[in-house]
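> Kindly return the folded structure for what I paste below:
(4 chains)
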Protein chains: 2
Amino acid sequence: MSVATVSRVWNEAAFVSPETRQRVAAVATRLGYSPHGAARSLITRTTHALGVLLPDLYGEFFSEIIRGIDHTAQAAGYHILVSSSHDSKDEIDAALRSMRGRVDGMIIMSPDLEAQRTLHALQGSFPVVLLNGGAEANAFDSITIENHEGARAMVRHLLARGHKRIAMIGGPQRNYDAAERLRGYRTALMESGIAPDESLVVQGDFSELSGHRAVKPLLALERRPTAIFAANDSMAIGALSALHESGMRVPEDVAVAGFDDIPLARYMNPQLSTVHVDIAKLGERAAALLPSSLLQGARPRQQLQLSTTLVIRSSCGGLVS
Amino acid sequence: MSVATVSRVWNEAAFVSPETRQRVAAVATRLGYSPHGAARSLITRTTHALGVLLPDLYGEFFSEIIRGIDHTAQAAGYHILVSSSHDSKDEIDAALRSMRGRVDGMIIMSPDLEAQRTLHALQGSFPVVLLNGGAEANAFDSITIENHEGARAMVRHLLARGHKRIAMIGGPQRNYDAAERLRGYRTALMESGIAPDESLVVQGDFSELSGHRAVKPLLALERRPTAIFAANDSMAIGALSALHESGMRVPEDVAVAGFDDIPLARYMNPQLSTVHVDIAKLGERAAALLPSSLLQGARPRQQLQLSTTLVIRSSCGGLVS
DNA sequence: TTGTAGGCGTTATCAT
DNA sequence: ATGATAACGCCTACAA
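Numbers count the residues shown, from 1 in each chain, chains lettered A, B, ... in the order given. Just a heads-up that it's a prediction; the model follows:
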């Protein structure tokens, strides 16, 4: 029995007599044999692995993304090589280098606007899908969330409920999504002719703690806000807990809304109104884009926009009557 | 210039004249060269990658675990190959096979008691760290949570606060951690001489939804429980929301407690009492064990127990006075 | 239908 | 200090 035959059996490529196939399979299972991945990719020039670069694995947002990516990648026969905690340009550089030659393509989520320059150099050399990219987004395949529209819609809803003083807890500085959501907030205010008040904008970092901390200065204002819109759910949840500790009732005294619709949002007390993003789908789409670009070689770049929908629950007082 | 020299430059192993090194480096950057990972690992028989097999990426528990693993693995120069949604024996088998030759070792979390048989066959052939393993745990390096002790301590606390009818929302059937936590609950009851009442034990599946659903039958009981202990925080959070919807006050009417202490637990309303597990450390430890076993070759198996601590917040009424 | 042999890009061993 | 060359495990013409 030659190695060639075994290879043929494994790849189901050429014609092998059923009996031979049978025998090979039998011996293979008996010996617990399975082909050596590295050796295969040496000759096939393909690793069947996708690299995933994330800023930081924190909270449900990221577990949902990975879940989506893994699910789709697995179905397409790809493994995923995950690497997190890459915020700065240098960290991304390093991660990129160390994944070189180990993956067939990469999914990169680097919302930090500065890191974009690093990405620029990647252009064309390598199949890349950008998640939430900023300026460089159209130089690659990319998937973006409708941040601006989503935020605008939520703030419009709050306005429609009669709120005039709406505060915003923003995300990290230099973060693309955060910037867009803030922009959406401002657009909505402007559209309804409300003068912007910068004392109503507090900066957070997407963590529960930062949302919690943001509440104090807002309550200390002479003219308190009657609604708080957080740039993500984690911060909204932090704010909810801070308000509760301060004895404020939600939504009676202050309405609260978030962004992302993480699975837990509906289990908050009160249930959190938020801008729904299908986070897992974000991952799925990204993972689906990559193999397709690998197969098709050069093809026009694809820019996908993931739409958002308003999910009105009780934390902002419910639907507009 | 021979390939050997280039190899030496890259590995900084043997003596290379500074000028040669210089020249090679220059050409390398100009050509954008970087070594082919597969070829290297073919000959060095090492991939510098760790496989991570998880049952399902759901909720903050898993993002924390991956975070811990990735953090430590990265520091040790390893990549991580993540694969999730492996519950059944066959799925684990397949994942194991497809990772062969692509990783130096594996971290496997397969709480499903049936899957243990598959693991049995792995023994010795391959560096493996088991997370939350059951019966097979001592055949491998393994890290286990002090499930039994943690659950017992929490139930004892509830008893000390005067609760006599304590319900339990259990985890998935055939899940090792769930079984141990249930056992801890029973131990505590038995120790205080309370007769077990099986109508107080409702089965869940670790999801928020299952926790939410578990509440209804409990409230429908003729003799309602005064406390509910959920086998993880997600279910406790689901229960919290269901209780709130039913107009029950927590902790006045019903006390609630969870297990895991996911980051969000302290931001619930009321804040969730729970059994603290350092989830990220679980991942870190696992990732640290693997490289050490790779370096040292055959060494005695290590069985680590991750201790738990009681975190009493307001959902169960606070400390015992 | 099956076997033979060359080569994928590296590292390691031996010469030089 | 550098060069030549044999592995590593697999795939794939090409030959039989």
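
> From now on I want contacts and neighbour counts done on CA atoms only, so please keep to that.
OK.

> now the helix or strand harbouring residue A:94, how far from the centre of its chain.
Using DSSP states H and E, residue A:94 falls within helix A:89-99. Offset of helix A:89-99 from its chain centre (CA atoms, centre = their mean, to the nearest Å): 19 Å.

> and it, anywhere near DNA strand C?
No: using CA under 7 Å from any atom of the strand, helix A:89-99 stays clear of DNA strand C, with a minimum separation of 12.8 Å.

> who's the nearest residue to residue A:137 once chain neighbours are set aside bridged to?
Of all residues not flanking residue A:137 in the chain, residue A:130 sits nearest, at 6.5 Å (CA to CA, 6 or more residues apart in numbering or on different chains). When bridges are called by DSSP bridges, residue A:130 pairs up with residue A:108, residue A:142.

> Report how many residues lie close to whatever residue of the stretch 101-250 of chain A ends up closest to DNA strand C.
Residue nearest to DNA strand C within the stretch 101-250 of chain A (CA to the nearest atom of the strand): residue A:101, separated by 8.5 Å. Here the number of neighbours of residue A:101 (other CA atoms under 10 Å in any protein chain shown) works out to 20.

> Sticking with it, tell me its helix or strand.
Counting by DSSP H and E, no helix or strand carries residue A:101.

> so what's it up against?
Contact analysis of residue A:101 by CA atoms under 8 Å, 6 or more residues apart in numbering or on different chains lists B:34, B:35, B:36, B:37, B:38.

> check contacts around residue A:238.
By CA under 8 Å, 6+ apart, the contact set of residue A:238 is A:207, A:208, A:209, A:210, A:211, A:212, A:213, B:267.

> any idea how far residue B:263 is from it?
Using CA to CA, to the nearest Å, residue A:238 is found at 11 Å from residue B:263.

> swap in residue A:121?
Per CA to CA, residue A:121 is found 37 Å from residue B:263.

> next one: residue A:300
Distance from residue A:300 to residue B:263, by CA to CA: 42 Å.

> what about those two, which has more around it?
More neighbours surround residue B:263 than the other of residue A:300 and residue B:263, with 16 against 9 (other CA under 10 Å).

> just checking, residue A:312 touches residue A:319?
Yes: Residue A:312 is within contact range of residue A:319, at 6.4 Å (criterion: CA atoms under 8 Å).

> Neighbour count: those two, which is higher?
More crowded of residue A:312 and residue A:319, by other CA under 10 Å: residue A:312, with 20 against 13.

> ok now do that one, which residues does it touch?
Counted by CA under 8 Å, 6+ apart, residue A:312 has contacts A:272, A:273, A:274, A:318, A:319.

> So the nearest residue to the third one once chain neighbours are set aside, which state does it fall into?
Nearest-residue entry for residue A:274: residue A:258, 4.4 Å, with adjacent residues in sequence omitted and distances by CA to CA, 6+ apart. At residue A:258, secondary structure determined by DSSP: H, G, I helix; E, B strand; the rest coil is strand.

> gap between residue A:258 and DNA strand D?
49 Å (CA to the nearest atom of the strand, to the nearest Å).

> Could you do residue A:119 as well?
32 Å.

> Test my guess that that residue contacts residue A:136.
Yes: if you go by CA under 8 Å, residue A:119 and residue A:136 touch, sitting 7.4 Å apart.

> Compare these two (neighbour count), which wins?
The residue with more neighbours, out of residue A:119 and residue A:136, is residue A:119; 22 against 19, by other CA under 10 Å.

> Can you give me the buried ones in the helix or strand that one falls within?
In this assignment (DSSP H and E), residue A:119 forms part of helix A:116-122. The neighbour-count check on helix A:116-122 (16 or more other CA atoms under 10 Å in any protein chain shown) flags A:116, A:118, A:119 as buried.

> and if you look at stretch A:21-41?
A:21, A:24, A:25, A:37, A:38, A:39, A:40, A:41.

> Mind checking if that stretch is in reach of DNA strand D?
Yes: interface with DNA strand D: stretch A:21-41 contributes A:34, A:35, A:36, A:37, A:39, A:40 (CA under 7 Å from any atom of the strand).

> Just the pLDDT for residue A:133.
At residue A:133, the pLDDT value in this model is 71.

> now do the one 3 residues further on
Residue-level confidence at residue A:136 comes out at 73, pLDDT.

> correct me, but it touches residue A:114?
No: between residue A:136 and residue A:114 there is no contact under CA under 8 Å: 10.8 Å.

> residues touching the residue in chain A that DNA strand D sits nearest to, list them.
Closest contact between chain A and DNA strand D, by CA to the nearest atom of the strand, is at residue A:35 (3.1 Å). Going by CA under 8 Å, 6+ apart, residue A:35 touches B:100, B:101.

> Name the SS class of it, please.
With three-state DSSP as the basis, residue A:35 sits in coil.

> which residue sits closest to residue A:306, ignoring its sequence neighbours?
Nearest to residue A:306 is residue A:145, by CA to CA, 6+ apart, at 4.7 Å.

> got any ranges where chain A has weak pLDDT?
Within chain A, the stretches with pLDDT under 70 are A:57, A:123-125, A:135, A:296-298, A:321.

> What separation do you get for the spatially most central residue of it and DNA strand C?
Against the mean C-alpha coordinate of chain A, by CA atoms, centre = their mean, the closest residue is residue A:65 at 5.5 Å. Going from residue A:65 to DNA strand C by CA to the nearest atom of the strand gives 32 Å.

> Surely that residue and residue A:283 touch.
Yes: applying CA under 8 Å, one finds residue A:65 in contact with residue A:283, separated by 4.8 Å.

> Please state the backbone phi and psi of the residue nearest to residue A:306?
Dihedral angles of residue A:145 (phi, psi; degrees, to the nearest 10) stand at phi -90, psi 150.

> got the contact list for it?
Residue A:145 neighbours (CA under 8 Å, 6+ apart): A:132, A:177, A:277, A:305, A:306, A:307, A:308.

> Confirm for me that residue A:99 is in contact with residue A:51.
Yes: using CA under 8 Å, residue A:99 makes contact with residue A:51 at a distance of 7.1 Å.

> between the two, which one's more packed in?
residue A:51 (24 against 21).

> my guess is that one is in a strand, correct?
Yes: counting by three-state DSSP, residue A:51 is located in a strand.

> So it is in contact with residue A:109, correct?
No: in this structure, residue A:51 is not within contact of residue A:109 by CA under 8 Å, at 11.0 Å.

> Check whether residue A:250 sits in a helix, strand or coil.
coil.

> Phi, psi for the closest residue to it other than its chain neighbours please.
Spatially, and ignoring its direct neighbours in sequence, residue A:250 is nearest to residue A:315 (6.0 Å; CA to CA, 6+ apart). Note on residue A:315: backbone dihedrals following degrees, to the nearest 10 are phi -60, psi -10.

> which residues sit in contact with residue A:315?
A:250, A:251, A:255, A:256, A:257, A:269, A:270, A:271, A:272, A:273.

> quick one on the thing from earlier: which of the contacts of residue A:145 are buried?
Buried positions within the contacts of residue A:145, assessed by neighbour count (16+ other CA under 10 Å), are A:132, A:177, A:277, A:306, A:308.

> Mind picking the one among those residues that's closest to chain B?
For those, the residue nearest chain B by CA to the nearest CA is residue A:277; the value is 16.0 Å.

> returning to that earlier point: distance check, the residue of chain A closest to DNA strand D against residue A:10.
Look at residue A:35 and residue A:10: by CA to CA, they are 9 Å apart.

> any chance you could map the helices in the stretch 151-300 of chain A?
Along the stretch 151-300 of chain A, the stretches classed as helices by DSSP state H, counting those that start in this stretch are A:176-191, A:208-220, A:233-245, A:279-296.
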